[in-house]
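Peer 1: The following block contains a protein sequence and its predicted model.
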Amino acid sequence: MELFLFEKENVGKQMHKFMTELFPICRSITGNGVRETLKKIQTYLPLKITEVPSGTKAFDWIIPKEWNIKSAYVIDPKGNKIIDFKNSNLHVVSYSIPIHKKISLSELKPHIHTLPDMPKSIPYLTSYYNEDWGFCMKHEDFIELEEGEYEIMIDSSLENGSLTYAEFFKKGELDDEFLISCYICHPSMCNDNLSGVVLATFLATYLKDVNTRYSYRILFIPETIGAITWLSKNEQELYKIKHGLVATCLGDSGSITYKKTREGDNEIDKIAKYVLENSKQDYSIIDFFPNGSDERQFCSPGFNLPCGSLVRSIPGSGKFPEYHTSEDNLDFVKAENLADTFSKYYEIIYISENNVKYFNLNPKCEPQLGKRGLYRNLGSQKHSEEKDLAIFWILNQSDGKNSLLDIAIKSKLDFHLIKEVADNLIKHNLLKHIK
Amino acid sequence: MELFLFEKENVGKQMHKFMTELFPICRSITGNGVRETLKKIQTYLPLKITEVPSGTKAFDWIIPKEWNIKSAYVIDPKGNKIIDFKNSNLHVVSYSIPIHKKISLSELKPHIHTLPDMPKSIPYLTSYYNEDWGFCMKHEDFIELEEGEYEIMIDSSLENGSLTYAEFFKKGELDDEFLISCYICHPSMCNDNLSGVVLATFLATYLKDVNTRYSYRILFIPETIGAITWLSKNEQELYKIKHGLVATCLGDSGSITYKKTREGDNEIDKIAKYVLENSKQDYSIIDFFPNGSDERQFCSPGFNLPCGSLVRSIPGSGKFPEYHTSEDNLDFVKAENLADTFSKYYEIIYISENNVKYFNLNPKCEPQLGKRGLYRNLGSQKHSEEKDLAIFWILNQSDGKNSLLDIAIKSKLDFHLIKEVADNLIKHNLLKHIK
Amino acid sequence: MELFLFEKENVGKQMHKFMTELFPICRSITGNGVRETLKKIQTYLPLKITEVPSGTKAFDWIIPKEWNIKSAYVIDPKGNKIIDFKNSNLHVVSYSIPIHKKISLSELKPHIHTLPDMPKSIPYLTSYYNEDWGFCMKHEDFIELEEGEYEIMIDSSLENGSLTYAEFFKKGELDDEFLISCYICHPSMCNDNLSGVVLATFLATYLKDVNTRYSYRILFIPETIGAITWLSKNEQELYKIKHGLVATCLGDSGSITYKKTREGDNEIDKIAKYVLENSKQDYSIIDFFPNGSDERQFCSPGFNLPCGSLVRSIPGSGKFPEYHTSEDNLDFVKAENLADTFSKYYEIIYISENNVKYFNLNPKCEPQLGKRGLYRNLGSQKHSEEKDLAIFWILNQSDGKNSLLDIAIKSKLDFHLIKEVADNLIKHNLLKHIK
């Protein structure tokens, strides 16, 4: 399988452009922001959208009420609107209950959240499972607040409704699935998590038009509760998942990081390691740890799915102070970083599509390559060419145990060369694909 | 299990004080010195004392005759008592047969042993299985000896009697045993081996008063022949031993050394490695080798017991030149070193007592921690606290295969924290103990 | 088994002398040069010689026609014989068809091969499976060639005949075989490959006169087609091969290199590693790769024999620019290098002959060594001697799983000491050989 060709720089720009479109929408784990986001993705992709009613059980969890918000503000004693939801949807703690009253500064203060260390940035906060309300603002504005009576208003609703998620599915030659998961529950923040949404969308646009060996399932879900809900509704089908990647934080300028699956030795781990090691760029490979994004759920011990995570800067690792603040914006995420990450996802998919095992049909001694035109005629002092070496490696190692990636790793020859030479050996009836 | 609390400095002093009491006694592999030593230990502990008659077979060995000594001296030609057993029981080669006669210097010399490299020290020598006699003295005195007739006298007895050893046993919740072995056969020497005797005694005084998961068996035996005898008489019960440590050389100022079990990958090896790695002190971990102390017998191929050895300076390694000389005395062993070693034994016991495996009762996705009050309510930008991390690690890894120590090692979180958090998760019915 | 003793310097000189005798013969993969070479080897050894007719199938291959050559030359327009086969048998491309005609320089040039980077050297070229003709010459002579008519003559024959190979076989105590393979198909070249022929010959002269545990089979075969032919005719007997070494390039001044078997963890790999690590000389150990000499065939996936390769400089690795040129001559190969390589082969054979497993007949605790005279009588402060340590190690580890080499490796004691001490323990009925 040759997979799709893409023009890297162009893909990066398109992803960034789509991110700009999605940025203003106020998303949360439920509500119309999610639906509006999915509608925009549908302009690129066919999606299967699922609505799960509030109150539905999902393992240990219950789908919460649906939250929507129209507007919110705070007016200071002098009548100035010092906080306005219109300017930034981060100003309101996600899942804040509706409220409208006048209160003193000292009553208001416990409900205001700031970042004293980043006085020019608004933090992003949520209160999904504890009914409360709050505002977030810049610390430099907060310290200017004067005593007096404040008018506060949050025009939100927290009512029975549903949780919304979507799936893109593309059937391949096999029922075995490659799962890619991103989350759609953060408001105006780019690296965490719109970078995942746009990358998943563009990967899908390419995948939908090519023949693939694996089937591809791409999830657009609210983080945590969405993953838990999806898992609870698809428990009987999980056995099909052969590889998985959680996609988030894909557009910052940090180097690529691969976080291994829980077992650490699945095929996806080997593939990701190979891609990063051969990228000639800085990279990190880190062991699985049980906090993080939705790999927490996919890799819980009851499922233990072969899901890793390919990101740039790990969220919450300290390498990325813009995390969960208004600094994680359209400037912070660069088109070229998105493009670079896209090419890594492509390479991992390409290798997993082509990482098959063959059986040498002439396993006793070497076949006579010369009579097949596969080898130079004149035995000489010249060093073997890489293509000749690839022939020897593939024939010697194709005992049904080694995959093409295993052979590329052992031989230190490029996977693409190994694949190309293997295709040629198949044409000469020297290899047989092991299903 | 919380195990006992101890005041480290105080325990060190008490051990040293008890060592001072035991120091003057002339011990050997049999005889009244051993019995007297055990009587003093009995002021702290209940002991089961076994007497095995001379001539009894123990595998390839035969219990030797019992040796006792009352006095010994050498008088020089001028009438000076140049060697007197009263001054040091090292002056007589252990197991010397009785003798009283006058001989020339040239006849005497082959029976005198000195340390030319340490002229101010008396060596410690034995001749258990070859009937002979001899004196040990300082080399600086030896070279002053003048020609003439010497009166030599050893008032010893070598007769049928018995070999004496003792066991402290404390039944725990399980029949599985933790074996600690020390030897009681050396005369006035402190690091090798009174340090083992006093440490084992004090460990036992604490263990006898607490509820434990394991049963504890502490052996006070003569080295080699005692271990062989005990093994030959208890062959049917050895299967109960789950962990073992041979205790000797515990009071010198060298750093702690753990010598692995023969297999090298028993649970006790993992625990000792963890304790030393996390001690923030210098330490060494060395592979098993088949010379040494009684681990030689416990780890002989017919038993292959999971016995390691936790010491400070390895005897006979050259790091400890005072070994088997009069320099291994009450000054050489420091109370603070004994206390430090004691705390390492305690920590190993504490971890083995608590190193259980749990099964996550909510293995599919994470449980909702918030509704159980186990997690902060406000989702924020803050980094996870260690306690939160411990919850995630324990839940994710408790698939019945990983013990709490495995989880501590993988998570790099402190074992005590892991244990405390696991206890809390049990209270919330999120974990179940796997028997 | 003590194996043979040899006088290293002398063996080196004898090998070099025999190489000088073999040097002038024009060998190829078939023909009288091979037969003449084998006849000279027969002055040292009994050989079983096999002739396989042209046209016989050997797996994917067919035995080619037999090639012989009497003379060849090129005469330039001025009548000078600028190339004469008498001066060097490298001047003619091996397997050149007969030809005799006059042609222009431009017609001749495509049939002339030189080494522009080594203008003073003649390359060695073959055209076994593609009927063609050609000359090889020094590049410095080639560039002097003037326009005009050249007379070319190759008095060769390419006709049905046979491929010739030979085996030396020595029956040992076991049917298990140690295979050593060298090739006899190169014309006047010394390191590649006469060094292999003379080393194999001299090893065999010693092996034939001693009692051995393994049976030894030494192959003198044409490279590639000879190995393939031998394998095809002996497929039913290959299971007997327990160790194998391919011998080539054994006389250059590079350090010793061991190329592992395909699996990389056979006993021969462990033995070769031990010998090189303990040689106190520079050495390399490299993983198997599927180009190289006849290990390509022995290690093809259908056989996967435990064959490594012990060489000095790897042919074609770039470390040995004389490879396949007229520079690989009698000066390039030194007697002392041949002698050094010979001693490594000897050491590997010695260890494999003696690398047996024993069972400790007194596995419970240590036996009492003193009563058997195996241990000093006086227990003292002295460090254990190496011989004492060897006793403890052998007894402790002889549980039927560890071989003497395993014990030498774990104990860091010399294999020869371990073997000597084990022999002594057998005499005392403390060990039993596991068949």
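Peer 2: That came through, no problem. Numbering: from 1, shown residues only, chains lettered A, B, ... in the order given.
Peer 1: what's the spacing between stretch A:207-221 and its chain's center?
Peer 2: 14 Å (C-alpha atoms, centre = their mean, to the nearest Å).
Peer 1: Kindly apply the preceding question to stretch A:190-202 instead.
Peer 2: Put simply, stretch A:190-202 sits 7 Å off its chain's centre (C-alpha atoms, centre = their mean).
Peer 1: With stretch A:329-336 instead?
Peer 2: For stretch A:329-336, the distance to the chain centre is 16 Å (C-alpha atoms, centre = their mean).
Peer 1: Can you report the mean pLDDT over the residues of that stretch?
Peer 2: When pLDDT is averaged over stretch A:329-336, the result is 97.
Peer 1: Residues contacting that stretch, please?
Peer 2: A:9, A:12-13, A:15-16, A:19-20, A:23, A:188-191, A:194-195, A:251-253, A:322 (C-beta atoms under 8 Å, 6 or more residues apart in numbering or on different chains). Bear in mind the C-beta positions are built from the backbone N, C-alpha and C, glycine included.
Peer 1: mind running it again at 10 Å?
Peer 2: Outside stretch A:329-336, the residues within contact range by C-beta atoms under 10 Å, 6 or more residues apart in numbering or on different chains are A:8-17, A:19-20, A:23, A:88, A:121, A:188-192, A:194-195, A:198, A:249-253, A:312, A:320, A:322, A:325-326, A:340.
Peer 1: for stretch A:34-41, same thing?
Peer 2: A:18, A:21-22, A:24-28, A:32, A:45, A:47, A:49, A:51, A:66, A:162-166, A:168, A:184-185, A:194, A:197-198, A:200-201, A:204, A:218, A:220-222, A:226.
Peer 1: Now, those residues that are in strands?
Peer 2: Members of those lying in strands (criterion: DSSP state E): A:49, A:51, A:66, A:162-166, A:168, A:218, A:220-221.
Peer 1: For chain A, give the helix that spans the most residues.
Peer 2: Identified as the longest helix of chain A according to DSSP state H is helix A:335-354.
Peer 1: Give me the secondary structure label for the residue in the stretch 101-250 of chain A positioned nearest to chain C.
Peer 2: At 24.5 Å from chain C, A:Arg213 is the closest residue in the stretch 101-250 of chain A, using C-beta to the nearest C-beta. Assigned state for A:Arg213: coil (three-state reduction, DSSP: H, G, I helix; E, B strand; the rest coil).
Peer 1: what about it, neighbour count?
Peer 2: Residues near A:Arg213, counting by other C-beta atoms under 10 Å in any protein chain shown, number 15.
Peer 1: Might you report the residue contacts of it?
Peer 2: A:Arg213 makes contact with A:1, A:172-174, A:176, A:178, A:352-356 under the criterion C-beta under 10 Å, 6+ apart.
Peer 1: now with 8 Å?
Peer 2: A:Arg213 neighbours (C-beta under 8 Å, 6+ apart): A:1, A:172-174, A:353.
Peer 1: what about A:Leu389, which SS state?
Peer 2: Going by three-state DSSP, the secondary structure assigned to A:Leu389 is helix.
Peer 1: ok so, going back, now render the contacts of A:Arg213 as TSV, adding pLDDT, neighbour count and secondary structure.
Peer 2: Below are the contacts of A:Arg213 laid out as TSV (pLDDT from 0 to 100; neighbours: other C-beta atoms under 10 Å in any protein chain shown; DSSP: H, G, I helix; E, B strand; the rest coil):
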residue	pLDDT	neighbour count	secondary structure
A:Met1	55	15	coil
A:Gly172	97	18	coil
A:Glu173	96	12	coil
A:Leu174	97	14	coil
A:Glu353	97	20	helix
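Peer 1: which parts of the stretch 301-435 of chain A sit against chain B?
Peer 2: A:301-304, A:316, A:318, A:323-325 (C-beta under 8 Å from any C-beta of the partner chain).
Peer 1: Kindly recompute the last result at 7 Å.
Peer 2: A:301-303, A:316, A:323-325 (C-beta under 7 Å from any C-beta of the partner chain).
Peer 1: ok, of the residues you listed, which one's closest to chain C?
Peer 2: A:Pro301 (33.4 Å).
Peer 1: unless I'm mixing things up, the closest one is touching B:Asp399, no?
Peer 2: Yes: with contact defined as C-beta atoms under 7 Å, A:Pro301 reaches B:Asp399; the gap is 3.9 Å.
Peer 1: Same drill for the two, tell me which one is more crowded.
Peer 2: Using other C-beta under 10 Å as the criterion, A:Pro301 and B:Asp399 rank with A:Pro301 on top: 20 against 17.
Peer 1: Could you name the specific helix or strand carrying the more buried one?
Peer 2: Remark: A:Pro301 resides in no helix or strand, with elements defined by DSSP states H and E.
Peer 1: residue boundaries of the strands in the stretch 151-300 of chain A?
Peer 2: Secondary structure of the stretch 151-300 of chain A (DSSP state E, counting those that start in this stretch): strands located at A:162-170, A:177-183, A:215-221, A:241-246, A:256-259, A:283-286.
Peer 1: so what secondary structure elements neighbour the fourth one?
Peer 2: Translated: strand A:241-246. strand A:177-183, helix A:267-277, strand A:307-311 (3 or more C-beta pairs under 7 Å, 6 or more residues apart in numbering or on different chains; DSSP states H and E).
Peer 1: likewise the longest one?
Peer 2: The criterion is 3+ C-beta pairs under 7 Å, 6+ apart, and the helices and strands that strand A:162-170 contacts are helix A:32-42, strand A:48-53, strand A:215-221, helix A:225-233.
Peer 1: Out of those, flag the one nearest C:His100.
Peer 2: Checking the helices and strands packed on strand A:162-170 against C:His100 by C-beta to C-beta gives strand A:215-221 as the closest, at 68.5 Å.
Peer 1: Can you point out the buried residues in that closest one?
Peer 2: Within strand A:215-221, the residues that qualify as buried by neighbour count (16 or more other C-beta atoms under 10 Å in any protein chain shown) are A:215-221.
Peer 1: Max pairwise distance over these: which two?
Peer 2: Every pair of the buried residues of strand A:215-221 checked by C-beta to C-beta; the farthest is A:Ser215 and A:Ile221, at 18.1 Å.
Peer 1: what about stretch A:129-142, distance to the chain center?
Peer 2: How far stretch A:129-142 lies from its chain's middle: 28 Å, per C-alpha atoms, centre = their mean.
Peer 1: Contacts only, for A:Phe85.
Peer 2: A:71-73, A:91-92 (C-beta atoms under 7 Å, 6 or more residues apart in numbering or on different chains).
Peer 1: In stretch A:234-241, which residues are buried?
Peer 2: Going by 16+ other C-beta under 10 Å, stretch A:234-241 has these buried residues: A:240-241.
Peer 1: Then stretch A:9-16?
Peer 2: For stretch A:9-16, using 16+ other C-beta under 10 Å, the buried residues are A:11-12, A:14-16.
Peer 1: Among the residues you listed, which are located in strands?
Peer 2: Counting by DSSP E, none of the members of these fall within strands.
Peer 1: Of these, which is the nearest to chain C?
Peer 2: Set against chain C, the nearest of the buried residues of stretch A:9-16 by C-beta to the nearest C-beta is A:Val11 (38.5 Å).
Peer 1: distance of the closest one from A:Leu47?
Peer 2: 20 Å (C-beta to C-beta, to the nearest Å).
Peer 1: Please apply the same query to A:Phe298.
Peer 2: From A:Phe298 over to A:Leu47 the distance is 20 Å, taken as C-beta to C-beta.
Peer 1: cool, and A:Tyr258?
Peer 2: A:Tyr258 is 27 Å from A:Leu47, by C-beta to C-beta.
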